[in-house]
Each structure stands twice: as structure tokens, then as C-alpha cells.
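I'd like to go over a predicted model; first the sequence, then the structure.
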Amino acid sequence: MNEELGTTTSLLDRLQAGPVICAEGYLFEFERRGYLQAGAYVPEVVLEHPDLVVALHREFVHAGSDVVEAFTYYAHREKLRLIGKEHLIEPLNREALSIAVSVARETGTLAAGDLCNTNAFYPDAQTRREVRAMFDEQMAWIVDAGMDYVVAETFSYAEEALLALEAIKHAGLPAVVTLAIHRAPETREGWAPEEACARIADAGADVVGLNCIRGPRTMLPLIARVRESVDVHVAALPVPYRTTEDEPSFQSLTDPGCECLPGDGRPFPTALDPFYCNRYEIARFARDAYGLGVRYLGVCCGAASHFIRSMAEALGRETSASRFSPDMSRHAFLGTDPQLRSHNQEYAREL
């Protein structure tokens, strides 16, 4: 954690002092580790292995995250109902929030509640009421837990994001609202990202922007347009995958050279490994986004601690994990230290 930022208490204070880094991506990380099922993507690990959730929160803070975001993504009533586990909704939410606020207070970071896309939204009156009720239900637990602010994320419908914002503002908490832009560079309503973010900012969001779906290369141009269109702080949290103009979302990536892909043959979500960014690409995104005026930064699905550390260091921070940042001068074969290389020159030439 940045010690200077750690002396302030609110999200907006920290954004005024400098960039805020928020590590996301818990779903993909726990799926990789074998504690969460791809497809269902319900965070039962919160109840089954809370110690692992605590450890991952601490690991991300160690790497440089200023925020501990409660792992309640897809822990809403609609998603749990679909997999027959609606009875878990309250204990899962309360435990995730308790874990997050505990680690945040322990580490001097911010504790963020989380609302996400319900996959049930449709722009009609009945569905709006149902979705808003789901958000209000989760907000009651967020308020009880004493969270510092709320992240409302990964909305393909900007109108659903506005419903989440209404619930957050009704509870009196600051709101970071981020949209998910798929292959077409617009929301499901057909709004350009900058228009949608402007509407959300006008409705009272403290921070607006984009998260998930797009990698650094295909998110940055959209973020530039958002930054020019709003007066509030802007958020940018890409997935760490090499998306392109032809395949701008990680769902749209294809891998024709691989003949062993399951299902319909698309790499998403379990065969994205060949498309992974490296830490230097994430660092470059952080510098470029910060240069545009973006102050709320992070990494979404696919995030790992080395990405968070690289992002923090690219923004001029020294984190607890920086003690172990690469120093190839000390490498036995490839390093520049004469003492280390002198006994291994033959091997070095072969490398």
C-alpha cells in the first residue's frame, strides 16, 4: 500500500491525493486454483474456504491494491436461484463482506462492497423492479458491514447500472460504476461508452468507467473518450488478455491453432492462456491510462498479484511486494554482475 494514501480515509480523498488501485478478478483466480466452477461462477469458496479468500485479499494488498473488494460477484439472488443455491445468499454475502472489511481495516486500505450485472435485466417495468430489489437486498448487507464505498460493475446495460447506482445512493455510500463493453463498442441500449458514462455521472456516480471484457489494447481508446466526456473521476480495469481490433473482447478471441478446445472451440473462459498479457503490458496500460487522466485503475478477470505490483510500480509506487521485483543483474547466466557471470560464461553463450 502507498503510505501517503493510507493517511486518508475516503475514496475521494485518496483519488485527490493520487491514483487508487483496485484488484479484482477473484472469480478467475479461484477457478484456476480449483475452488470455483467455471460456468456457474458462484463464489461458494467464501463459505467453504474463507481462509483462502482472506489470503488472496492480503496478497493483492501486498502487491499494491488500495482496495479490498468483497467477493460477492454473482452472489445475487438471480444467479444463486439458477443453480439451486438461493439459500446461501445471505450467509455468503455477509461472510464475504465481513472478510473484506476485516482485511481492509487490518491493512489500512478501503473496503468496497460489490454489485454486479444480474443477467436478468430487461428494459421493462417489472424487470426493473425485480433487479432493483436484488440490489437493495445486497445493499442492506453492505451497509450493515460498514463498507467505505460500493463498486457496481460489469454492466452491459447502462440502464441496469443506473438502477444499481440508485440503490447505492439511496444507502448514502459513494459509488464507482463501471460498464462492460463487448464486441460492439456500445452498451446493450446502443449508447456509446462516453454517453453512457456521462449519464451515470449526471445521475450521481462518484467514479465512472469500464471494467472487464476488453483487454488493455481495446479498452484504452474507449477510456480516452470517456475521460473527455465526464467531469468525475474515471475508472479503467481491463482483463489482462491481448484483445485486438478484430477480436476486441476476451469472449471473441479465437485460437485456430488449437485443436483440443472443448465445447464450441472458443478459448473463453478456460483456454485463454495463450492470450495472456505480460506484466510490462499491464504497466504500460497503467501509465497510458494515467496519462489520459484516469485515476482509478485495476485489473479484472485474469488478475494476479504480479500484474497489480507492475501497475503500482508503473505509477511510481513501491509496494511491499517490490522487495521481490525482478533484478536480472543477479541472474547466474544472464545477469550483469561480473562475479556471477564469470563462472558461467560458457552457459551464458548457449543461452
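Received it, and whenever you're ready, just let me know what you need. Only a predicted model underlies this, so the values are computations on that prediction, with no experimental measurement involved.

any idea where the strands of the stretch 151-300 of the chain begin and end?
Remark: strands assigned in the stretch 151-300 of the chain by DSSP state E, counting those that start in this stretch are 175-179, 207-211, 233-237, 296-299.

what about the first one, average pLDDT?
Across strand 175-179, the average pLDDT comes to 98.

Adjacent strands (with direction) for the helix or strand in which Ala112 is found?
Assigning secondary structure by DSSP states H and E places Ala112 in strand 110-116. With DSSP bridges as the test, strand 110-116 is paired with strand 67-69 (parallel), strand 149-155 (parallel).

Run the chain-centre distance for it.
11 Å (CA atoms, centre = their mean, to the nearest Å).

now could you export just the CA positions of the longest helix belonging to the chain as CSV?
The residue-count maximum for a helix in the chain (DSSP state H) belongs to helix 125-145. The C-alpha trace of helix 125-145 is given here as CSV (Å, rounded to 0.1, in the frame of the first residue of the first chain):
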residue,chain,number,x,y,z
ALA,A,125,-41.1,-2.1,-15.7
GLN,A,126,-41.4,-5.5,-14.0
THR,A,127,-37.8,-6.5,-14.6
ARG,A,128,-36.6,-3.1,-13.4
ARG,A,129,-38.4,-3.6,-10.1
GLU,A,130,-37.0,-7.1,-9.7
VAL,A,131,-33.5,-6.1,-10.4
ARG,A,132,-33.7,-3.0,-8.1
ALA,A,133,-35.0,-5.3,-5.3
MET,A,134,-31.9,-7.5,-5.7
PHE,A,135,-29.6,-4.6,-5.5
ASP,A,136,-31.5,-3.2,-2.4
GLU,A,137,-31.2,-6.6,-0.7
GLN,A,138,-27.4,-6.7,-1.2
MET,A,139,-27.1,-3.0,-0.2
ALA,A,140,-28.7,-3.7,3.2
TRP,A,141,-25.9,-6.2,3.9
ILE,A,142,-23.2,-3.8,2.6
VAL,A,143,-24.4,-1.0,4.9
ASP,A,144,-24.5,-3.4,7.9
ALA,A,145,-20.9,-4.4,7.2
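
contacting residues around that helix?
Applying CB atoms under 8 Å, 6 or more residues apart in numbering, the contact partners of helix 125-145 are 70, 72, 75-78, 89-90, 93-94, 97-98, 100-101, 111, 113, 115, 118, 120-121, 150, 159-160, 163-164, 166-168, 170-171, 173. C-beta here means a position set from N, CA and C on the backbone, and glycine is covered the same way.
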